[in-house]
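> One predicted model, sequence on top.
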Amino acid sequence: MNREQKAAAIAEIASEIQESQAVFAVDYRGISVPQAAELRARLRESDTRFRVVKNTLTERAADQAGAEALKDLLEGPTALAFVHGDAAAAAKALADYAKETDLLPFKGGYMDGAPLSPDEIRAISRLPSRDVLYGQLVGVVASPISGLARTLQALISGLAVQLGQIRDQGLVGQGAPAEAAEAAAAEAEEAPAAEEAPAAEAQADQDAEAPEGAEAAADPAEGADDSATTSNDEE
């Protein structure tokens, strides 16, 4: 590998470190090519790249990427898992494969600018995956909302049932007919009074004219009495 190739390899590793959410270092001694291929396939689900690196080049790449903490892990055969996706899922895949094969012991790691010990990586491997955490979070957030929705639906349904019962019992709309009946009764009471008023006025007019007629009738009577008195005197 010439100088240009080394510079390109160092820049590539430095870029991988900078773009990764976490970097896990393992001892790859004893792993076969088919086993490495199988592990790469498992890590692909968490968007993780498994790569065997040369320590000298990786040290220079760590300096270039500002991840000096990785340099302490670069002793002996070292492979790095560059995690671009779910760190918990990647750590779990490495830990499960290590249990199955008795290979790939953790040497340490680097995440969010801080070094990780092998025990810390194993603790991360026991965490729920990102998808599981998202599902739990959605369940926690959605539970009160769904409960509120069910409560509101029950209230609305209960109100509809009560309104239906009131309608069936004939209690809805009785106010208007009652008012109409009262208005009709009031009109019925006023109608005879209105009819009697003209009759009373006509009778009052007749009573007012009656004295004149009565006096006219009384005059002939008085004249008859006078005639009778005169005739008796003459006899």
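Great, that's in hand.

> List the contacts of residue 113.
Residue 113 sits next to residue 67 when contact means C-beta atoms under 8 Å, 6 or more residues apart in numbering. (Glycine included, C-beta is placed from N, CA and C.)

> and what of residue 74?
25, 55, 58, 59, 62.

> Could I get the full set of strands for the chain?
In the chain, the segments counted as strands under DSSP state E are 22-26, 48-52, 79-83, 106-111, 114-116.

> any idea which of these is most buried?
Comparing the strands of the chain on average neighbours per residue, with mean count of other C-beta atoms under 10 Å, the densest one is strand 22-26 at a mean of 26.

> Now do that one and strand 106-111, the angle between them.
Here strand 22-26 runs at an angle of 170 degrees relative to strand 106-111 (axes from the mean of the first three to the mean of the last three C-alpha atoms, to 10 degrees).

> which strands and helices sit next to strand 22-26?
Where contact means 3 or more C-beta pairs under 8 Å, 6 or more residues apart in numbering; DSSP states H and E, strand 22-26 is packed against strand 79-83, helix 87-101, strand 106-111.

> in the longest one, what counts as buried?
Translated: helix 87-101. Within helix 87-101, the residues scored as buried using 16 or more other C-beta atoms under 10 Å are 87, 88, 89, 90, 91, 92, 93, 94, 95, 97, 98.

> Just the closest of these to residue 13, please.
Minimum distance to residue 13 across the buried residues of helix 87-101 is 17.7 Å, recorded for residue 90 (C-beta to C-beta).

> so the closest one makes contact with residue 50?
No - counting by C-beta atoms under 8 Å, residue 90 does not reach residue 50; the two are 9.3 Å apart.

> so what sits against both of those two?
Shared contacts of residue 90 and residue 50 (C-beta under 8 Å, 6+ apart): 43, 81.

> sorry, back to before: and which of the contacts of residue 74 is nearest to residue 105?
Distances from residue 105 to these, taken by C-beta to C-beta, are shortest for residue 25, at 10.1 Å.

> Tell me the spacing between the closest one and residue 48.
Counting by C-beta to C-beta, to the nearest Å, the gap from residue 25 to residue 48 is 13 Å.

> Spit out the residues that contact the two alike.
Common contacts of residue 25 and residue 48, defined by C-beta under 8 Å, 6+ apart, comprise residue 81.
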